[in-house]
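Enquirer: Next come a sequence and a model predicted from it.
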Amino acid sequence: MTDLIFGKNAVIEAFEAGLDIEKVFVLNSIRGEFEVQIRNTCREHNVPLAKVPEIKLNELSKFKAHQGVVALISPIKYQDYKALISGSIESGSVPLIIILDGVTDVRNIGAISRSAYFFGATGLIISGNFAGRINEDTVKTSAGAITRLPVARANSLLHLVSDLQSLGLRVIATSLKDASTPNECDLTQPTAIIMGAEDKGLHYKVLEIVDAVVKIPSISEFDSLNVSVAAGILLYECVQQRNQKNIK
């Protein structure tokens, strides 16, 4: 279960103790030394930070003395994505990473985690300050898979793409616009697939720097799939291509 920590000292001490913080909420009018400290701490630990009105903090803390800050403790332990990928390569496997950028629906995150674990993905990376937080609904929708699948976070998708490319991964973005079909794209190499938010997709700057862009073809005028369904299709295609070449 996701627990709450509130109060300035308590939240900072939680970070120092190495607890996995899911998200931090601070009063939108807060200023001064603590605001700088918590902002820098969240950035350092890749933890989303949201500035909210006092009523939101009151609701989260159930009207206890929160001192303008509330932190949510994650039900899972996050990993460092560079260490995750390096470990996969050293073990002799070919990395397959799913990246979720700005996906807010926690049930979609759970469903994608379930598919990723089923198809043997190396791990999941969640990007975006407004991405959905991992909670009990996520764990339930994933049928517990998200507690077994390595999960990491990244603040900046652009920096993440650059990091993954420097680690030897081919980064592939999904798009609703004209692009290659999944079977036309080589998914047998070390690969990271980016799934964007359903409402706005991926930023054009991301599409400019990735190695390839794919679109799942449709035979109707309805051109949009639920993001979790799209992720499952791409994961299946990846496994099919790798099985044909006996790649694990």
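Expert: Alright, I've got the coordinates.

Enquirer: which residues in the protein form strands?
Expert: Ranges of strands within the chain are 3-6, 21-27, 49-52, 69-73, 96-101, 123-127, 151-154, 170-174, 191-196, 212-214, based on DSSP state E.

Enquirer: quick one, which of those strands is nearest to residue 181?
Expert: strand 212-214 (6.7 Å; CB to CB). All C-beta spots, glycine's among them, are computed from the backbone N, C-alpha and C.

Enquirer: which helices and strands does that closest one pack with?
Expert: strand 170-174 (3 or more CB pairs under 8 Å, 6 or more residues apart in numbering; DSSP states H and E).

Enquirer: For residue 246, give me the pLDDT.
Expert: With respect to pLDDT, residue 246 scores 84.

Enquirer: and residue 94, how many neighbours?
Expert: When neighbours are defined as other CB atoms under 10 Å, residue 94 has 18 of them.

Enquirer: which ones are touching it?
Expert: Each residue near residue 94 by CB atoms under 8 Å, 6 or more residues apart in numbering is listed here: 88, 188, 189, 190, 191, 242, 247, 248.

Enquirer: Surely the third one is in contact with residue 165?
Expert: No. The criterion here is CB atoms under 8 Å, and residue 189 misses it with residue 165 at 11.8 Å.

Enquirer: Mind giving me the ChimeraX select for the contacts of residue 94, buried ones only?
Expert: Remark: buried members of the contacts of residue 94, expressed as a ChimeraX selection using 16 or more other CB atoms under 10 Å:
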select :88,188,189,190,191,242
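
Enquirer: Any stretches of this protein with poor pLDDT?
Expert: 1-2, 129-130, 198-199, 223 (pLDDT under 70).

Enquirer: Please compute how far the longest helix along the chain lies from its chain's middle.
Expert: Longest helix in the chain, counting residues (DSSP state H): helix 227-244. A distance of 18 Å separates the centroid of the chain from that of helix 227-244, by CA atoms, centre = their mean, to the nearest Å.

Enquirer: re the thing from before, can you say which two of the contacts of residue 94 are spatially most distant?
Expert: 88 and 188 (14.8 Å).

Enquirer: per-domain residue ranges of the chain.
Expert: 3-73, 81-244 (automatic domain parsing).

Enquirer: and among those, the most buried is which?
Expert: Of all the domains of the chain, domain 81-244 has the most neighbours on average by mean count of other CB atoms under 10 Å, namely a mean of 18.

Enquirer: Hey, what's the angle from the longest helix of the chain to strand 96-101? Just curious.
Expert: With axes from the mean of the first three to the mean of the last three CA atoms, to 10 degrees as the basis, helix 227-244 and strand 96-101 are set at 160 degrees to each other.

Enquirer: List the contacts of helix 227-244.
Expert: For helix 227-244, the surrounding residues in contact (CB under 8 Å, 6+ apart) are 94, 96, 98, 100, 103, 105, 107-108, 111-112, 115-116, 118-121, 174, 182-183, 186-188, 191, 193, 195-198, 214, 216, 225, 248.

Enquirer: again with stretch 186-194
Expert: Contact with stretch 186-194 is made by 85, 89, 94-99, 101, 125, 157, 161, 164, 167-174, 202, 206, 210, 231, 234, 237-238, 241-242, 245, 247, as judged by CB under 8 Å, 6+ apart.

Enquirer: residues in contact with stretch 59-75?
Expert: Here stretch 59-75 has contacts from 1-8, 11, 14, 19-27, 30, 34, 38, 54, 57-58, 133-136, 138-139, 147, using CB under 8 Å, 6+ apart.
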